[in-house]
Structure formats: C-alpha cells, structure tokens
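1. Here's a sequence, model it:
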Amino acid sequence: MNLFADIRALVLSDLAAMVEAGQLPADLSTANVTVEPPRDAAHGDMATNAAMVLAKPARMKPRDIAETLAARLAADPRITSADVAGPGFLNLRLAPSVWQGVVKAVLTSGPSFGRSDMGQGKKVNVEYVSANPTGPLHVGHTRGAVFGDALASLLDFAGHDVTREYYINDGGAQVDVLARSVYLRYLEAHGQDVAFPDGTYPGDYLIEVGQALKARVGDSYLDKGEQYWLEDVRTFATEAMMDLIREDLAALGVEMDVFYSEKSLYGTGRIEAALDDLRSKGLIYEGVLEPPKGKKPEDWEPREQTLFKSTEHGDDVDRPVMKSDGAWTYFAPDIAYHYDKVQRGFDALIDVFGADHGGYVKRMKAAVSALSEGSVPLDIKLTQLVKLFKDGEPFKMSKRAGTFVTLRDVVDQVGPGVTRFHMLTRKNDAALDFDFDKVLEQSRENPVFYVQYAHARVTSVLRKAGEAGVTVDDATLASADLALLDHEAELALAAKLAEWPRLVETAARTNEPHRVAFYLYDLAGVFHGLWNRGNDLPELRFLQDDAAVSQAKIALARACAVVIASGLGILGVEPAEELR
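-> Next up, the predicted model:
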C-alpha cells in the first residue's frame with residue numbers, strides 16, 4: 001500500500017475524466033503531476049501540483065483547472081476537502097478511515113509494508129569500501145561501509161536485484177610496501193631488531209602476520225634479497241589483510257557478495273580488451289596533454305601518451321591510460337574493472353568513494369558511458385570525513401594501527417548498531433562528528449536512542465497488554481475496530497506511517513539511505529508525542545479498561561514498531577526490545 005501513489009492515481013483518473021468531458025485538451029502529459037505532503041502541515045494532508053504543471057500546455061489558467069479538479073476529487077469518499085491555494089495548488093484532506101486503513105495495512109503486510117517493485121528487478125552493482133589491503137579498516141572506511149551497505153539494502157527493499165561488491169586494490173605498489181613491512185615483522189619474529197623506514201606500515205597489526213610467515217617458511221627467507229621472497233610474501237600478506245578486513249566488516253554487520261581482485265586484471269588481457277573496445281569507438285589515441293593548471297611551461301615536460309578521449313563523454317580533459325614507458329596508469333585497470341561490470345549485465349552501477357577521490361568522478365562516469373554506449377548509468381557517491389570525539393577531545397589514533405583510528409576501535413566502543421545508525425544521521429557528502437559520549441546518551445538529542453526507545457516502548461506495551469490478558473498478535477490487532485482511533489494525535493501517527501512507502505521510493509530513487517534515518521527519527525518523535533500526551537489525557541493511553549479500545553490503540557503502536565523495525569533493518573540495525 002502506497003497511499004500517495006493511490007491518491008495520485010485518483011488525480012490522474014479525474015484528469016482523464018476532465019479530458020473526456022472536454023474540460024481539458026487531449027494529449028496532455030501527466031508525468032510531472034505529483035502528490036506530496038504539503039510544505040505546511042496546516043494546509044492539509046496532501047497537495048498536488050496538477051493544475052500548475054498542466055496550465056501552460058493546456059493554455060488555461062491554473063486556478064480554473066484546480067477548481068474543476070477539486071470538485072471531482074471531493075466526490076471521492078477518501079477526500080473530505082479539496083481546497084485551491086494560491087495560483088492553483090490543490091490541498092487535500094483525507095478521511096479518518098483512510099489513516100485507520102493504513103494501520104490495518106501495516107499489520108496485514110508486516111515487514112513487507114513499504115516494499116516496492118519500483119526497481120523492477122533491475123540488476124544494480126554497489127561497490128563500496130574497496131580499501132587497500134594494507135591494514136585494518138579505519139573510521140573513514142567505516143562510513144563508506146555503512147553507507148554502501150544501507151544503500152544496497154534500501155535498493156533491495158525497493159525491488160532491485162543488488163550485488164554488493166568489494167574491489168581489492170592488490171595490483172599497485174602499495175602491496176609491495178605491505179610485503180616489505182611484513183618481511184620486517186618476519187625478521188622481528190626471528191629476534192632481529194628492525195626499523196620501519198618512512199612509507200612502510202609500522203602498525204602492530206602486522207606482528208601476528210610476521211609470526212605466521214615465520215611459522216610457514218621458517219628461516220628460508222632470512223638474509224635473502226627481495227627477488228627470493230617479495231612475490232610470495234605479497235600474496236601471503238594480502239590474504240592475511242583481507243582476512244582481517246572481512247573480520248572488520250563482519251563486526252559491523254557487512255557481508256559482501258563479491259570480492260574482485262585488481263590483480264586478476266593484469267596479464268589476463270582484460271585491460272587490453274577494455275581499451276580495445278574504446279579504441280573501436282575511436283576513443284583511444286596517442287597525444288600530449290596540456291600542462292596541468294598551476295604548472296609553469298618550463299616545468300612541464302610534454303610526453304606522448306596513450307589517451308582516452310573522455311571529453312567526448314563529459315570529462316574536463318582527456319585521460320592517460322598508458323604512460324610513455326608503456327606502463328599502465330592507475331586509470332587503466334579501473335576502466336577494465338568497470339568494463340567487466342558492464343559485461344556482467346548490470347543495469348546500473350553505484351560506486352561509493354571517499355571524499356579524496358572526488359577527482360575521479362567525471363573520468364569514471366565518462367569511461368562507463370563510453371563502454372556501455374550510455375546504456376548503464378554510473379552514480380558515484382562520495383563520503384565525507386568523520387571527526388571523532390571522546391570526553392570533549394578529539395579521539396586519538398589507535399596504537400594497534402599506528403596512524404589512525406580503526407573500525408574496530410569504533411565498534412568496540414559503542415557497538416555495531418549505534419555505529420551504523422549514527423553514520424547515517426548526516427547526508428553522505430556532509431562532514432560527520434562522531435562523539436562517543438553523545439552517541440550513547442539517552443536523550444532526544446541522540447537519534448539512535450530516540451528511535452530505539454520508541455520501539456522498546458511498544459514492546460513494553462505489548463508485554464503489559466499480554467500480562468493483562470489482552471490478545472495482541474498482529475492478526476488480532478489488524479482486525480480490531482480501528483475506527484476507535486479518532487483523536488488527532490492518533491491520526492497524525494497513522495499519517496506518518498503512511499509516508500513510509502513513499503519515503504522508501506524517494507530514498508531509493510536518489511540513492512540516499514540517510515533519508516531512512518531521518519524519517520525514523522521523525523516517526524519516533526510523533527510516537528513519543530502521542531505517548532506523552534497520554535500522561536495528561538488518559539483516553540490516549542495505549543492500555544484502557546475496555547479490551548477492544550486497547551486493541552485498537554495497541555494496533556497503532558504495533559504498526560509503528562513494524563515500520564521502525566523495517567527501517568532499522570534497512571540501516572542494518574537490530575531494533576531494541578528494551579533499553580536499560
């Protein structure tokens with residue numbers, strides 16, 4: 001049930017009737033006709049822009065269209081009033097029975113309420129985290145992991161066929177640095193004193209890896225040059241780091257469908273195949289790029305390189321894919337990787353990058369546009385920095401990691417649920433402050449607690465009702481006399497529940513899972529408001545002397561809990577049964 005979609009269908013039906021009656025010209029496009037909550041709730045329950053968007057193509061005054069449409073809409077039993085506002089906006093008020101029907105629909109559908117077929121089963125690849133396999137995940141990766149995982153769940157909830165994917169950056173020079181760092185820990189495991197030069201990884205997390213390497217190869221790599229051990233140690237260290245990363249992701253509740261190795265692109269012809277595809281489209285050429293902005297001409301050495309004509313697909317400049325010495329640029333395997341995604345038949349691609357990768361957005365979009373001939377959209381979401389605080393001070397780096405705060409530091413402090421929810425309390429491209437004290441605070445200012453408290457309160461009501469002998473299973477509550485829910489505060493909560501299906505589709509359409517967190521906070525606020533009004537008005541309390549009245553009111557509370565649990569499920573957060 002999507003009430004906004006239902007009322008929009010009513011609007012479109014009445015517009016069609018107006019065309020049939022000669023009150024509107026034929027062949028008008030209604031694609032831009034919307035039914036939404038009004039900006040000011042005092043104006044009504046829903047508002048439609050139908051008259052405003054149709055006036056110009058119909059060559060009519062918007063108010064004339066609105067008044068005729070209002071008369072038709074008011075004839076529907078679901079509509080109690082249809083009022084024209086301003087130049088032609090139309091505000092609608094709905095009958096209480098409509099909101100009461102929402103409660104029944106939630107309880108009848110259960111966790112499926114709000115699910116959508118908007119995605120039509122389209123295959124979407126969501127790539128996120130994709131951290132270098134050189135150490136444990138840090139707090140920046142945490143935000144990207146939470147955002148990507150919640151987005152994948154949201155798209156699944158909205159009817160897409162979603163693949164969660166991690167791109168292992170194991171083909172670059174950083175993996176050689178990791179191998180050398182592990183080798184130093186290997187020497188240390190043999191009792192040698194070692195120093196970590198600048199550019200290596202000194203974190204304690206490699207101590208166990210060095211010891212494991214010793215256990216595997218003994219002393220066979222001692223006093224040997226890199227040519228004897230580098231390749232083997234690189235593979236060994238990468239696998240050990242990926243095991244660590246998988247453990248970190250599991251601690252956060254993130255499970256990937258695919259781990260894709262960059263290394264698998266090299267020496268297999270995959271990079272060449274991707275570039276051959278672009279070459280066949282006339283998009284690969286040999287040339288010299290203009291000097292970068294800020295470079296003086298005398299500092300710039302022009303070199304002929306193999307270039308991708310990315311400007312033909314929206315980029316600012318063409319991009320090199322092969323250096324003058326014949327080596328691939330970093331961009332070349334990225335092109336090949338996305339070519340592989342296109343070849344796997346995905347209908348849409350989403351990449352979640354850290355804010356420091358903003359310069360890659362246009363070139364990657366250009367590459368996918370060229371490779372798919374514009375048929376596969378790529379949306380790139382950037383996650384901004386996270387600032388950590390504890391006891392009013394910036395939270396210092398992890399001793400184990402050596403240079404940064406790890407994902408496990410955060411999860412071990414506050415738990416995965418709190419971590420995930422709080423990471424979604426800001427839009428992905430806005431900076432986020434994460435205060436360890438505030439995210440555990442039990443107050444309205446802490447959105448995690450506020451939402452969980454609403455769910456726990458409903459659980460408490462259900463438990464007390466059961467102890468009082470009131471039957472409160474969902475089937476019984478769905479068949480309760482919901483016409484007893486007639487107070488404005490009760491109907492306001494039901495109206496908020498009605499927004500959930502629309503919210504899901506909007507959030508999925510814009511790839512913005514933070515909208516779910518915002519909605520849950522608002523929903524919890526309406527619920528707590530009703531609860532608090534019951535302190536002054538006994539007739540609003542969920543438990544009444546009359547069992548039938550209790551069941552109607554508890555049905556509303558239970559419906560609220562169902563939606564909260566669904567929303568938290570999308571965010572990857574377990575709903576609280578009680579709070580201490």
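
2. Which residue lies nearest the spatial centre of this structure?
-> Leu151 (2.7 Å; Cα atoms, centre = their mean).

3. Mind checking what secondary structure that one has?
-> Going by DSSP: H, G, I helix; E, B strand; the rest coil, the secondary structure assigned to Leu151 is helix.

4. Isn't it up against Val352?
-> Yes - contact status for Leu151 versus Val352: in contact at 7.4 Å, counting by Cβ atoms under 8 Å. Every residue, glycine included, has its C-beta placed from N, CA and C.

5. Return the residues in contact with the residue nearest to the centre of the chain.
-> 126, 128, 350, 352, 381, 511, 513 (Cβ atoms under 8 Å, 6 or more residues apart in numbering).

6. want to try TSV for the residues you listed, with distance to Leu184, secondary structure and neighbour count as columns?
-> Below are those laid out as TSV (distance: Cβ to Cβ, whole Å; DSSP: H, G, I helix; E, B strand; the rest coil; neighbours: other Cβ atoms under 10 Å):
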residue	distance to Leu184	secondary structure	neighbour count
Val126	37	strand	29
Tyr128	32	coil	27
Ile350	39	strand	22
Val352	33	strand	26
Lys381	37	strand	21
Asn511	42	coil	19
Pro513	41	coil	26
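
7. and of these, the nearest to Met1?
-> Looking at these and their distance to Met1, the nearest is Pro513, at 22.1 Å (Cβ to Cβ).

8. one step back: now do the shared contacts for Leu151 and Val352.
-> Going by Cβ under 8 Å, 6+ apart, residues that sit against Leu151 and also against Val352 are 126, 128, 381.

9. ok, the first one touching Ala152?
-> This points to Val126. Yes - with contact defined as Cβ under 8 Å, Val126 reaches Ala152; the gap is 4.5 Å.

10. overlap in contacts of these two?
-> What both Val126 and Ala152 touch, as defined by Cβ under 8 Å, 6+ apart, is the set 162, 164.

11. Check whether the most far-flung residue of the chain relative to its centre sits in a helix, strand or coil.
-> Within the chain, the residue lying farthest from the chain centre (Cα atoms, centre = their mean) is Asp223, at 49.6 Å. What three-state DSSP gives for Asp223 is coil.

12. how distant is stretch 371-386 from the center of its chain?
-> 13 Å (Cα atoms, centre = their mean, to the nearest Å).

13. Likewise for stretch 367-376?
-> With Cα atoms, centre = their mean, you get 23 Å for stretch 367-376.

14. Quick one: residues in contact with it.
-> By Cβ under 8 Å, 6+ apart, stretch 367-376 touches 274, 277-278, 281, 283, 308, 310, 312-314, 331, 334-335, 338-339, 341-342, 346-349, 377-378.

15. Could you give the number of residues near Arg344?
-> 12 (other Cβ atoms under 10 Å).

16. do you know how far it is from Asp276?
-> 18 Å (Cβ to Cβ, to the nearest Å).

17. got the domain boundaries for the chain?
-> 3-94, 173-251, 445-571 (automatic domain parsing).

18. deepest of those domains, which one?
-> domain 445-571 (a mean of 19; mean count of other Cβ atoms under 10 Å).

19. Let's see the distance spanning that domain from one end to the other.
-> 19 Å (Cα to Cα, to the nearest Å).

20. Now do that domain, average pLDDT.
-> Averaging pLDDT along domain 445-571 yields 97.

21. Phe436 reaches Gln413, doesn't it?
-> Yes - here Phe436 reaches Gln413: they are 5.4 Å apart, a contact under Cβ under 8 Å.
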